[in-house]
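> Just to be clear, the model below is a prediction. Sequence and coordinates:
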Amino acid sequence: MTDVGIDAIEIWTGKLKLDLPNTFAPAKGEDPEKYTKGLGLNASSFPDTYEDIVTMGANAAHRLMEHEGLTPEDIGRIDVATESSFDNSKPVSTYIAGCLERVYEGKFSHANKGERKFACLAGTQSIDDAYNWIKSGRNRGRSALVIATDTALYARNDPGEATQGAGAVAMLISEDPDLVSLSTEQGYGSADETDFLKPNQQFPSVDGKRSVQVYLARMREALEDFEGVAGRTHTDDFAYIPFHTPFPGMVRKAALFGYRHMIRDTSMEDDLAGEIGRQPREEAFDSEGDFEEALREYMDGLKRTDAYQEWYARVVDPTLTISREVGNWYTGSVHLARASALKTAFEEGRELAGERLLVGSYGSGAQAEIHAETVQPGWEEKIADLTIDEGIERRYDLDYDEYERVHDVHNHDIESDGDGEIEEFTAPESEFVFDGWGRMGERKYRFVE
Ligand code: CAA
């Protein structure tokens, strides 16, 4: 049976940077370590005044098509995943295809275009759609372009403000992929939750603390569901475990739960028993409170063991290197995590072909999905093409006052948006830019040479 998966990837970061410990923390009167150590973030990316979800998505897709030598004829499907859409009818993929048609001779008239929504999970769901489209044989030899693009902005003074970010990840989904193939086995954890939502509003309503608990609960269900079809998972089965990363501190929590689950009833649990005891079993406790207290104590101990720390440093920490510098990209975040891991392996000269990843995606509202991926022999060449390091490096470093002005520019409720009152901070070069409004309220774009 033909393998289907991610053949190539490109990442475009918003061109502005907010330094969290040095610019944001002092303005908020907070300890910088709340950001660097607590949340695990150094900086957030923001879009310049001429950037938005369309320009970032189109720029990522354009670069991907260029280094893959593709033309519109090669693409049979364009799916955009976003939770920052500005149009309830016309999908962002049509705007992006329109941009790309400005720089290619061919058209995407044969391509099926759509927009996927399930909070941050939608990027993975779009890959799923592309996978099924190819597996069903409907693709006529063509590949799918999946673009996860978001401006993850929160209202000012919302606790989520520290976790903002903006950028796009473009992925080519193909038969016989060069980067990773996807497992047929999948697990889901899904429930009607009210933890993070945007009922016809730009900035989210968030119950931050609860959202963390909901993430962990759905992820656990998804892992159990995955194991129901793929068999039990073990800590050494996977080279890396990329998770959806709203902020690295969230992944730190999820990884500890995952590790506890994986070592339960194994010789590893026995080996650690002398140091931290065995895992508390619910049936051994009279009350839920006592059980939870015992579990907290066990997790505190587990977190400090050499075995856990070595595993975390090897399997999870390398997935966080890009996120630490750019913040939450919502639909793109889990795909940044995969790219970070592969980039680390590439930089370390590690031989990874044939090794497996376990990928944990999550969307508020809420649903988690877990599947496995197998790294393909062509992975190194594809990762060598990534330009994200230069993108991160060349961002304009905002001061706090500039940050507030940029936040206002991208606030749909503030009139100054796009009217030229605020100067751009960087000069566009070989990229798509926002070019004002059309007669029907549509957003217009042009390519700057
Ligand atoms: N030094 C070291 N650590 C510090 C510190 C210091 N000086 N000050 C605080 N910390 C630690 C805290 O102990 C805490 O860590 P633990 O959770 O491990 O205890 C961490 O830094 C954060 O501190 P607070 O909990 O006090 O931070 P907060 O209440 O201001 O905000 C948040 C945290 C609620 C998660 C907030 O950032 C938020 O609302 N974020 C948006 C929602 C979100 O991202 N949720 C994640 C799950 S939902 C999801 O994944 C979907 C999505 O993308 C949005």
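That came through, no problem.
> And the helix or strand containing Ser333, what does it pack against?
Using DSSP states H and E, Ser333 sits within helix 333-347. Using 3 or more CB pairs under 8 Å, 6 or more residues apart in numbering; DSSP states H and E, the elements in contact with helix 333-347 are strand 4-13, helix 122-135, strand 165-175, helix 321-326, strand 356-363, helix 379-384. For every residue, glycine as well, the C-beta is placed using N, CA and C.
> what's the residue of the stretch 51-200 of the chain found nearest the ligand sitting at in phi/psi?
Scanning the stretch 51-200 of the chain for the residue nearest the ligand gives Gly160, at 3.3 Å (criterion: CB to the nearest ligand atom). Main-chain torsions, Gly160, degrees, to the nearest 10: phi -70, psi -10.
> right, and it touches Val206 too?
Yes - using CB atoms under 8 Å, Gly160 is in contact with Val206, at 5.3 Å.
> what ranges do the strands span in the stretch 101-250 of the chain?
Remark: strands assigned in the stretch 101-250 of the chain by DSSP state E, counting those that start in this stretch are 112-116, 143-152, 165-175, 180-190, 196-197, 205-206.
> what residues does the last one touch?
Where contact means CB atoms under 8 Å, 6 or more residues apart in numbering, the residues beyond strand 205-206 that reach it are Tyr154, Asp158, Pro159, Gly160, Asp195, Phe196, Leu197, Lys198, Pro199.
> among the residues you listed, who's most crowded?
For the contacts of strand 205-206, the largest number of neighbours (other CB atoms under 10 Å) sits with Phe196, at 23 neighbours.
> ok, the nearest residue to it once chain neighbours are set aside - contacts?
Spatial nearest neighbour of Phe196, excluding adjacent residues (CB to CB, 6 or more residues apart in numbering): Ser364 at 3.5 Å. Taking CB under 8 Å, 6+ apart, we find Ser364 in contact with Ala119, Cys120, Glu193, Asp195, Phe196, Leu197, Ser211, Val214, Tyr215.
> Dump those residues into JSON lines; add pLDDT as well.
Shown next, in JSON lines, are the contacts of Ser364 (pLDDT from 0 to 100):
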{"residue": "Ala119", "pLDDT": "98"}
{"residue": "Cys120", "pLDDT": "98"}
{"residue": "Glu193", "pLDDT": "97"}
{"residue": "Asp195", "pLDDT": "95"}
{"residue": "Phe196", "pLDDT": "96"}
{"residue": "Leu197", "pLDDT": "96"}
{"residue": "Ser211", "pLDDT": "98"}
{"residue": "Val214", "pLDDT": "98"}
{"residue": "Tyr215", "pLDDT": "98"}
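> Check those one by one and keep those near the ligand.
Contacts with the ligand within the contacts of Ser364, counted by CB under 6 Å from any ligand atom: Cys120, Phe196, Ser211, Tyr215.
> looking at it, the last one is touching Gln367, isn't it?
Pointing back at Tyr215 there. No - at 10.6 Å, Tyr215 does not count as touching Gln367 under the criterion of CB under 8 Å.
> For Gln279, see how far away the residue nearest to Met219 when sequence neighbours are not counted is.
Nearest residue to Met219, sequence neighbours excluded (CB to CB, 6+ apart): Ala368, at 4.5 Å. To Gln279, Ala368 is 22 Å away according to CB to CB, to the nearest Å.
> So which of these two has more stuff around it?
Per other CB under 10 Å, whichever of Ala368 and Gln279 has more neighbours is Ala368, with 30 against 18.
> Poorly predicted segments of this structure, please.
Scanning the chain for pLDDT under 70 picks out 416-421.
> Residues contacting the lengthiest helix in it, please?
The longest helix of the chain (DSSP state H) is helix 208-230. With contacts defined as CB under 8 Å, 6+ apart, helix 208-230 is touched by 159-160, 183, 185-191, 193, 195-196, 233, 243-244, 246, 250, 253-254, 257-258, 261, 360, 362, 364, 366-372.
> Now restrict those to buried residues only.
Listed as buried from these are 160, 183, 186-187, 189-190, 193, 195-196, 233, 243-244, 246, 250, 253-254, 257-258, 261, 360, 362, 364, 366-372; burial here means 16 or more other CB atoms under 10 Å.
> now the longest helix of the chain: how far from the chain's centre is it?
17 Å (CA atoms, centre = their mean, to the nearest Å).
> and if you look at stretch 361-378?
Mean-position distance between stretch 361-378 and its chain equals 10 Å (CA atoms, centre = their mean).
> same deal with stretch 100-113?
26 Å.
> The residue of the chain found nearest the ligand: how many residues sit nearby?
Residue nearest to the ligand within the chain (CB to the nearest ligand atom): Gly38, separated by 1.9 Å. By other CB under 10 Å, the residues close to Gly38 number 16.
> Could you tell me which residues of the stretch 1-150 of the chain lie near the ligand?
Asp31, Glu33, Lys34, Lys37, Gly38, Leu39, Cys120.
> Roughly how far does the last one sit from Ile78?
Here Cys120 is placed at a distance of 20 Å from Ile78 (CB to CB).
> again with the third one
Here the distance between Lys34 and Ile78 works out to 40 Å (CB to CB).
> on that earlier part again, looking at the helices and strands packed on helix 333-347, which is buried most?
Of these, the one with the most neighbours on average (mean count of other CB atoms under 10 Å) is strand 165-175, at a mean of 28.
> returning to that earlier point: as a markdown table, the helices and strands packed on helix 333-347 with distance to Glu292 would be great.
What follows is the helices and strands packed on helix 333-347, written out as a markdown table (distance: least, CB to CB, whole Å):
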| stretch | distance to Glu292 |
| --- | --- |
| strand 4-13 | 39 |
| helix 122-135 | 31 |
| strand 165-175 | 33 |
| helix 321-326 | 29 |
| strand 356-363 | 22 |
| helix 379-384 | 42 |
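> right, so of these, which gets closest to Asp300?
strand 356-363 (22.7 Å; CB to CB).
> Pull the residues that contact that closest one.
118-124, 180, 215, 218-219, 222-223, 233, 237-244, 254, 258, 334, 338, 341, 368-375.
> Neighbours of Ala307, how many?
15.
> and the nearest residue to it once chain neighbours are set aside, how many neighbours?
If the residues on either side of it in the chain are set aside, Ala307 comes closest to Leu272, at 6.4 Å by CB to CB, 6+ apart. Neighbourhood size, Leu272 [other CB under 10 Å]: 20.
> Fine by me, thanks again.
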